[in-house]
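Q: my questions are about this predicted structure, shown below with the sequence.
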Amino acid sequence: MIYKEQQFDIPALDGISEKQIQVHLGLYAGYVKHVNLIREKVEELKGDDYVVAELRRRFSFEFDGMRMHEYYFSAFEGGAKEVDQDSELVKALSEKYGSWDDFIEHFKAVGKSRGIGWTVLYWDPKARTPHVAWTSDHELGTLSGLPILLAMDMWEHAFMVDYLPAEKGKYIDSFLNNVNWSFPEKMFNYSNSK
């Protein structure tokens, strides 16, 4: 199996330039390339346990980098769309965080955490509750087995064309203003249908 770059239908975004998206998509392409390269090298180097072990450690970084970016870019497809205030997703988020607006403020606060990583909205179908968590790099701090509903890239490469590091709050606002909320809603509904 060879992984292929996913193509995204991303219109012009408010506060996130086309140049920023193109630079970011190029980085995503690198993750896809490295996932395939590592898989190929592991096959070639069977028997060299030390090198293969290191490649396998690197694989999770590259693979999660690939997948997290697919969640990220998918949330922009079709253009910004307000969340359906009557949706089950909004009900679940409001129940945990107090209201939709309180959820948004919590999501922003997690996004402003120091360091590089991701702000991720997960759904725990077993406990029937959402979680907003910080994931360092791509693979450290993920909530095992929980479906991802929304992923906001907080590595500097996600915003440095448009914003300085001290302006990441503006980037977070731009990200949230451009989300097509039908994507997280679809992911939520799918996670609850199992």
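A: Yes, it's here. Numbering: from 1, shown residues only.

Q: what residues of stretch 83-94 count as buried?
A: Val83, Ser87, Leu89, Val90, Ala92, Leu93 (16 or more other Cβ atoms under 10 Å). Bear in mind the C-beta positions are built from the backbone N, C-alpha and C, glycine included.

Q: any residues touching that stretch, and which ones?
A: Stretch 83-94 has contacts (Cβ atoms under 8 Å, 6 or more residues apart in numbering) with 100, 102-103, 123, 128-130, 149, 181-182, 184-185, 188-189, 192.

Q: kindly recompute the last result at 7 Å.
A: For stretch 83-94, contacts defined as Cβ atoms under 7 Å, 6 or more residues apart in numbering pick out Trp100, Phe103, Pro130, Trp181, Pro184, Glu185, Phe188.

Q: ok, the buried residues of stretch 83-94 vs Met66, which is closest?
A: Closest approach to Met66 among the buried residues of stretch 83-94 (Cβ to Cβ): Leu89, at 25.2 Å.

Q: from Lys170, how far off is that closest one?
A: When distance is defined by Cβ to Cβ, to the nearest Å, Leu89 is 26 Å away from Lys170.

Q: equivalent analysis for Asn180, please.
A: To Lys170, Asn180 is 20 Å away according to Cβ to Cβ.

Q: between those two, point out the one with more neighbours.
A: Asn180 (20 against 14; other Cβ atoms under 10 Å).
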